[in-house]
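K.L.:
give the three-dimensional model of this entry:
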Amino acid sequence: MPFLPKRLSLQKRIVFLVTAVTVSMLSTMMVFDTISLNQSIREAYVSQISGMTIAINGRYEESRSITDVQQIFDYIQYKNTRVLEMKLYDKQGVILAASNRSEVSNHMPISRVVIPKQDQTIVDRVPMAQTDKPVVRLTAPLQEDGLVVGAVEVIFDSSEEAALLTKRTNLILIVGVSVAIVMSTLLWLILRRIVIRPLSRLREAALIVKQGGDLPTLQFKASPEIAEVSEAFNDMVKNLDERYHELQQVLKTLQVTQDHLVQSEKMGALGNLVAGVSHEINTPIGIGVTAVSYLDQKTKEFKSLYETGKMKKSDLEQFLSITQETNAMVQSNLERASSLVRSFKQISVDQSVEVKRTFHLKEYLEGIISSLKPTIKKTRLRVDVYCDNELILYTYPGALSQIITNLVMNSLNHAYAIEEEGSLTIRVENHQDYIILAYTDDGKGMTQEVLDQIFDPFFTTSRGKGGTGLGMNIVYNLVTQSLNGTIEGSSTLGQGSLFTITIPKEEEAVQ
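P.N.:
Here you go, the predicted model:
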């Protein structure tokens with residue numbers, strides 16, 4: 001089974017979403033606060049160097065003395081210990097004055113030579129790799145007669161500002177995380193009280209309804225929305241209960257209707273049986289009546305000859321011959337009629353009473369087909385039965401009779417057009433523990449859609465022609481319930497249908 005990731009609950013989703021939004025907002029606030037603080041620190045740096053450069057520029061323009069500038073450098077470093085280093089260089093990068101006297105008259109590295117514009121102060125940080133503490137470089141223009149002739153560079157210790165910035169950032173981070181945790185916890189508890197618990201109760205109530213249990217009225221005061229949902233759920237349950245009772249009444253009505261229809265199907269089968277009896281018995285009885293009438297006529301003629309004294313030996317011999325032949329004809333036809341009556345009587349009893357008995361399968365199948373001959377003779381179809389003559393079965397013969405009758409009638413009603421020729425075949429295979437009865441026709445067949453519903457109750461493709469849709473459903477129920485067997489159907493459109501019935505063998509109990 002493939003791994004399916006567990007979906008987050010609504011409560012967790014909302015909490016995670018709010019926490020993410022809170023963290024994003026706090027992060028944005030931290031960024032803007034850090035930028036603002038850096039800007040304030042930068043302005044403070046500019047303010048400090050502005051005071052320094054004003055003094056340096058004033059002394060330089062007044063005396064043009066580098067010595068005076070050096071003295072100012074020394075004074076500034078003395079008064080402000082955070083000033084680590086100071087330089088004054090011209091546009092060519094020649095150092096004119098420096099807090100470190102050894103650097104005077106040297107050239108600045110080209111990358112370090114920066115000449116700001118008038119009234120511009122450049123603030124940049126010195127990489128930590130070059131120093132052991134946070135340091136910023138402040139560069140201001142050196143002016144002479146209103147023109148920029150060089151630059152003043154101050155290396156400033158920014159440890160206090162860096163510490164302040166770190167402390168401020170940590171404080172905001174701690175406060176932000178604390179606020180996020182408190183808000184998430186409160187939101188978790190609020191959601192659990194006003195949303196999750198009511199939804200859990202609704203789910204439990206739905207499961208109770210699903211299992212058919214009695215459900216008390218749900219009432220929630222968590223929120224108006226949840227209250228509305230609970231009221232709607234209560235109305236739904238009440239409505240379902242009413243619909244359930246209505247459905248029970250409908251099902252009872254349908255069951256009664258189905259029982260009546262099933263009984264009608266059985267009566268129809270018995271009607272066909274009666275028609276078969278009357279038709280099949282009519283022939284031998286008719287022949288017997290004709291033979292007896294003929295014998296009566298010949299007897300009267302013989303009596304007349306005897307009474308008039310005209311009887312000869314040849315007349316006696318002829319009368320005896322006619323009497324013998326007629327008696328034989330009457331006897332054979334009466335025996336045939338008697339046999340048909342016994343067979344049809346047994347089939348009719350089997351169809352009306354569900355009793356197990358032992359019988360010869362082929363003989364019984366042929367008897368069923370004989371009972372259907374009046375209907376079959378109206379068509380151009382023939383029925384063939386292939387079964388071992390010695391095969392004996394112990395089961396419900398009435399169920400088997402109903403199954404074969406319904407299968408044949410289903411083919412006659414649906415598989416062939418009027419006056420269309422065709423062949424119906426019943427083939428029985430004998431196995432050790434079961435038999436397989438295969439019923440086939442070579443009619444028009446069925447689509448897969450029809451085949452999928454063929455055993456459903458009340459499904460029929462000839463509703464307008466009087467079909468009830470119960471014939472094949474009765475077949476399915478008789479096979480699976482009465483005979484404890486299985487039935488499978490297959491069909492190809494235009495090539496006929498096949499129904500394969502498997503019936504387990506049983507042994508008759510010895511009394």
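
K.L.:
which residues in the protein form helices?
P.N.:
Ranges of helices within the chain are 10-63, 66-79, 159-191, 197-210, 224-308, 313-352, 361-371, 373-376, 397-414, 448-452, 471-477, based on DSSP state H.

K.L.:
residues of stretch 368-379 that come out buried?
P.N.:
Buried residues in stretch 368-379, counted by 16 or more other Cβ atoms under 10 Å: Ile368, Ile369, Ser370, Ser371, Leu372, Pro374, Thr375, Ile376, Thr379. All C-beta spots, glycine's among them, are computed from the backbone N, C-alpha and C.

K.L.:
tell me the pLDDT of the fifth one.
P.N.:
This points to Leu372. The score at Leu372 is 82. That number is its pLDDT.

K.L.:
what are the phi and psi angles of it?
P.N.:
Dihedral pair for Leu372: phi -100, psi 0, per degrees, to the nearest 10.

K.L.:
for Asn406, see how far away it is.
P.N.:
In this view, Leu372 and Asn406 are 11 Å apart by Cβ to Cβ, to the nearest Å.

K.L.:
repeat for the second one
P.N.:
Distance, Ile369 to Asn406, by Cβ to Cβ: 13 Å.

K.L.:
with the first one instead?
P.N.:
Between Ile368 and Asn406 the distance, using Cβ to Cβ, works out to 11 Å.

K.L.:
same question, the fourth one
P.N.:
Distance of Ser371 to Asn406, computed by Cβ to Cβ: 13 Å.

K.L.:
count the neighbours of Met472 for me.
P.N.:
Applying other Cβ atoms under 10 Å, we find 22 residues neighbouring Met472.

K.L.:
and it, what does it touch?
P.N.:
Contact analysis of Met472 by Cβ atoms under 8 Å, 6 or more residues apart in numbering lists Asn406, Asn410, Ile454, Phe455.

K.L.:
and the helices of the chain as CSV, adding distance to Lys117?
P.N.:
Shown next, in CSV, are the helices of the chain (distance: least, Cβ to Cβ, whole Å):
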stretch, distance to Lys117
helix 10-63, 13
helix 66-79, 21
helix 159-191, 25
helix 197-210, 67
helix 224-308, 64
helix 313-352, 118
helix 361-371, 118
helix 373-376, 117
helix 397-414, 103
helix 448-452, 89
helix 471-477, 101
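
K.L.:
so which of these gets nearest Gly150?
P.N.:
helix 10-63 (9.3 Å; Cβ to Cβ).

K.L.:
what helices or strands is the closest one leaning on?
P.N.:
Counting contacts by 3 or more Cβ pairs under 8 Å, 6 or more residues apart in numbering; DSSP states H and E, helix 10-63 packs against helix 66-79, strand 122-126, strand 135-144, strand 147-157, helix 159-191.

K.L.:
give me the neighbour count for Ser482.
P.N.:
Number of residues near Ser482 (other Cβ under 10 Å) recorded here: 17.

K.L.:
what sits against the closest residue to Arg382 other than its chain neighbours?
P.N.:
Nearest non-adjacent residue to Arg382, counting by Cβ to Cβ, 6 or more residues apart in numbering: Ser423, 5.7 Å away. Listed by Cβ under 8 Å, 6+ apart, the contact set of Ser423 reads Leu381, Arg382, Val383, Asp384, Asp441, Asp442.

K.L.:
one more time with 7 Å, if that's ok
P.N.:
Leu381, Arg382, Asp384, Asp442 (Cβ atoms under 7 Å, 6 or more residues apart in numbering).

K.L.:
do you know how far the spatially most distant residue from the centre of the chain is from Thr323?
P.N.:
When distances are taken from the C-alpha mean of the chain, Gly309 lies farthest, 102.2 Å away, according to Cα atoms, centre = their mean. Note on Gly309: its distance to Thr323, by Cβ to Cβ, is 21 Å.

K.L.:
then Glu204?
P.N.:
Taking Cβ to Cβ as the measure, Glu204 falls 95 Å from Thr323.

K.L.:
kindly report the same for Lys313.
P.N.:
Relative to Thr323, Lys313 is positioned 16 Å away (Cβ to Cβ).

K.L.:
between those two, which one's more packed in?
P.N.:
Between Lys313 and Thr323, Thr323 has the larger neighbour count (other Cβ under 10 Å), namely 14 against 7.

K.L.:
I'd say the more buried one and Tyr294 touch.
P.N.:
No. Look at Thr323 against Tyr294 with Cβ atoms under 7 Å: they stay out of range, at 10.5 Å.

K.L.:
for Asn106, give me its contacts.
P.N.:
Contact analysis of Asn106 by Cβ under 7 Å, 6+ apart lists Ile95.

K.L.:
I meant Ser491, not that one.
P.N.:
Ser491 touches Gly445, Met446, Leu451, Ser497, Leu498, counting by Cβ under 7 Å, 6+ apart.

K.L.:
now do Asn333
P.N.:
Per Cβ under 7 Å, 6+ apart, neighbours of Asn333: Pro284, Ile287, Gly288.
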